[in-house]
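# Model the following, please.
(one chain, ligands or ions: 1)
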Amino acid sequence: MTVRFQAPARKAIDFAMVEMERVGDQTLSSLHLLLGLLEPSAEGVGLALRMLGVNPAALQLDARRDIHLARTGELDPEIAEAPELLLERAGRISDQCGATDIADADMLMACAQDLRTWAGKLLAASGVTPPLLWGVFPQARGVLRHPGAPDPLAGIEMLEVTFPPSFVPTLPVRTGIGYDSHRFGVGGPLILGGIEIPGEVKLIGHSDADAVCHALTDAVLGGAGAGDIGELFPDTDAGNRGRNSIEMLRLACQAAERRGWRVAQVDLTVIIERPKLLPYRDAMRLSLAHALGLPADAVSVKAKTNEGMGWVGRGEGIACMAVATLIPVRKAT
Ligand code: MG
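Numbering: from 1, shown residues only. Down below sits the predicted model:
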């Protein structure tokens, strides 16, 4: 078990003690510790938060507000020995990184992981969740992660946070963009957005050639920084021949969730000369919403012609563009 602290971590603890005394509290809480970590001298913590789009100064204000609420009894009680447990947890994180001392980033990760504490709840409400923090952790911790190297945090317990249904996260939010096109062939049905459109044409491709799902899959993967559809489902893999693209979309969402992101809303534009998609639009929305786990009003499908111009205008194939908005994974109550 690591017991030595790097200089920024030591400074954070010292500042936490000063802060506790300054406001007249009798015991050290996780919020005092978080305030200490938010001091500008704690470089790793500041870097991690800025990479997540969180303003350390704003978080400092929130922590001071919560310290006041705790003193007036307006916060649920925190477990009494929370700071000691957090430091123990930081030591285990440091050990798993192969380090000989505790860094300020280890302490921030420990706070984020323990959602029984005030600091953990405040970090989660600010969008600083363990999976997201893990994404920027190597830079903040100053450890290098080589391709194929084991995850230094493997086995560290990740506690889940619960939020009231009314909770709306504000930051961070990510956006992904996707595009796909497929050529028409003879013989239906045409499969778009997971539904079958009867007629004499279908799309040609290695899978079921559902260009709507493919564009959306790339938007989801792009927003999560999880690669692209060609990497996940290569057309050199015989197992992907004729594959159901709704299933591929679901797997892409799971890949995004493993990286800490879930889809909140998508918007699609299908560029197609014929058939007209309006009669099938709502069925496509429902099909995609079901695959994404979203309400139908969070899925928009629009169709346009290409005004007779180019290969789309000549009816040789269709194109689809998609945008996906992703927010941090959270467990709703
Ligand atoms: Mg495709």
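# Over to the closest residue to residue 274 other than its chain neighbours. Which of the three states is it?
Leaving aside its sequence neighbours, residue 274 sits nearest to residue 315 (C-beta to C-beta, 6 or more residues apart in numbering; 6.2 Å). Yep, even glycine has a C-beta here, placed from its N, CA and C like the rest. Residue 315 falls in the coil class when you classify it by DSSP: H, G, I helix; E, B strand; the rest coil.
# measure residue 315 to the ion for me?
Per C-beta to the ion, to the nearest Å, residue 315 is found 18 Å from the ion.
# what about that residue, how many neighbours?
Neighbourhood size, residue 315 [other C-beta atoms under 10 Å]: 15.
# Surely it and residue 184 touch.
Yes - contact between residue 315 and residue 184 holds when scored by C-beta atoms under 8 Å: they sit 6.8 Å apart.
# Where do the strands of the stretch 101-250 of the chain begin and end?
Using DSSP state E, counting those that start in this stretch, the strands of the stretch 101-250 of the chain run over 162-163, 174-186, 190-192, 195-197, 201-204.
# quick one: which of the ones you listed is nearest the ion?
In terms of C-beta to the ion, the element of the strands of the stretch 101-250 of the chain nearest to the ion is strand 174-186, at 4.2 Å.
# Looking at the residue nearest to residue 274 now. What's its pLDDT?
Note on residue 315: pLDDT of 95.
# Residue 240 too?
With respect to pLDDT, residue 240 scores 80.
# if I pick it, what's in contact with it?
Neighbouring residues of residue 240 by C-beta atoms under 8 Å, 6 or more residues apart in numbering: 206-207, 233-234.
# How about this protein: which residue is closest to the ion?
residue 214 (3.5 Å).
# Excluding covalently adjacent residues, which one is nearest to that residue?
residue 180 is the one closest to residue 214 (C-beta to C-beta, 6+ apart), at 3.9 Å.
# just checking, the one you found touches residue 218?
Yes - when contacts are counted by C-beta under 8 Å, residue 180 is listed as touching residue 218 (6.9 Å).
# near the ion, which residues of the stretch 101-250 of the chain?
Within reach of the ion by C-beta under 5 Å from the ion, the stretch 101-250 of the chain has these residues: 180, 214.
# shaky segments in the stretch 101-250 of the chain?
143-172 (pLDDT under 70).
# now the helices: where do they sit in it?
Under the criterion DSSP state H, counting those that start in this stretch, helices of the stretch 101-250 of the chain are mapped to 104-113, 118-125, 130-141, 211-224, 229-232, 245-258.
# elements contacting the shortest one?
Based on contacts counted as 3 or more C-beta pairs under 8 Å, 6 or more residues apart in numbering; DSSP states H and E, the elements that helix 229-232 packs against are helix 211-224, helix 245-258.
# burial measure for residue 79, as a count.
If you count neighbours by other C-beta under 10 Å, residue 79 ends up with 10.
# Residue 19 now?
22.
# List the contacts of it.
32, 35-36, 67.
# tell me the SS of it?
Here residue 19 is helix, with the state taken from three-state DSSP.
# if we can go back for a sec, among the helices of the stretch 101-250 of the chain, which comes closest to residue 280?
helix 211-224 (10.6 Å; C-beta to C-beta).
# Need the CA coordinates for that closest one. CSV is fine.
Only the C-alpha atoms of helix 211-224 are listed here, as CSV (Å, rounded to 0.1, in the frame of the first residue of the first chain):
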residue,chain,number,x,y,z
ALA,A,211,-27.3,3.0,-45.1
VAL,A,212,-29.4,4.8,-42.4
CYS,A,213,-28.2,2.5,-39.6
HIS,A,214,-24.6,2.6,-41.0
ALA,A,215,-24.5,6.4,-41.0
LEU,A,216,-26.0,6.4,-37.5
THR,A,217,-23.6,3.8,-36.2
ASP,A,218,-20.6,5.9,-37.4
ALA,A,219,-22.1,9.0,-35.7
VAL,A,220,-22.4,7.1,-32.4
LEU,A,221,-18.9,5.6,-32.6
GLY,A,222,-17.4,9.0,-33.7
GLY,A,223,-19.0,10.8,-30.8
ALA,A,224,-17.6,8.3,-28.3
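# quick one, it and helix 130-141 angle?
Note on geometry: by axes from the mean of the first three to the mean of the last three C-alpha atoms, to 10 degrees, helix 211-224 and helix 130-141 are set 40 degrees apart in direction.
# Summarise which helices and strands helix 211-224 is packed against.
Counting contacts by 3+ C-beta pairs under 8 Å, 6+ apart, helix 211-224 packs against strand 174-186, helix 229-232, helix 245-258, strand 261-271, helix 281-292, strand 317-328.
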